[in-house]
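Colleague: sequence plus predicted model, see below.
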Amino acid sequence: MTFVAKGMTTNQIAESLFISSHTVESHRKNLMEKFQTKSVTAAVKSAIEYGLIREA
């Protein structure tokens with residue numbers, strides 16, 4: 001979520017972590033399900049509220 005909070009694209013995240021963009025999308029989807037949100041923005045907001053990441 002930190003990469004997303006910084007505004008990085010899927011491809012930028014994939015390159016930084018040496019994984020495929022499909023893997024990034026899968027993780028993003030799983031995090032949205034865990035936070036029970038319908039958008040990445042809402043998931044980032046929830047992560048900040050839970051103290052999992054700091055505001056970018």
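Modeller: Yep, that arrived.
Colleague: so in this protein, where's the weakest helix or strand by average pLDDT?
Modeller: Here the helix or strand of the chain ranked lowest by mean pLDDT, DSSP states H and E is helix 2-5, holding a mean of 88.
Colleague: then it to PDB, C-alphas only?
Modeller: C-alpha atoms of helix 2-5 as PDB (Å, rounded to 0.1, in the frame of the first residue of the first chain):
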ATOM      1  CA  THR A   2       2.900   2.400   0.600                       C
ATOM      2  CA  PHE A   3       3.800   2.300  -3.100                       C
ATOM      3  CA  VAL A   4       0.200   3.100  -4.000                       C
ATOM      4  CA  ALA A   5       0.000   5.900  -1.400                       C
END
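Colleague: that helix: which residues count as buried?
Modeller: Buried residues in helix 2-5, counted by 16 or more other CB atoms under 10 Å: 3-5. C-beta: built from backbone N, CA, C; applies to glycine.
Colleague: from those, which is closest to Lys34?
Modeller: Val4 (14.1 Å; CB to CB).
Colleague: distance check, that closest one against Arg54.
Modeller: 13 Å (CB to CB, to the nearest Å).
Colleague: same check, this time on Met32
Modeller: With distances taken as CB to CB, Met32 is found 20 Å from Arg54.
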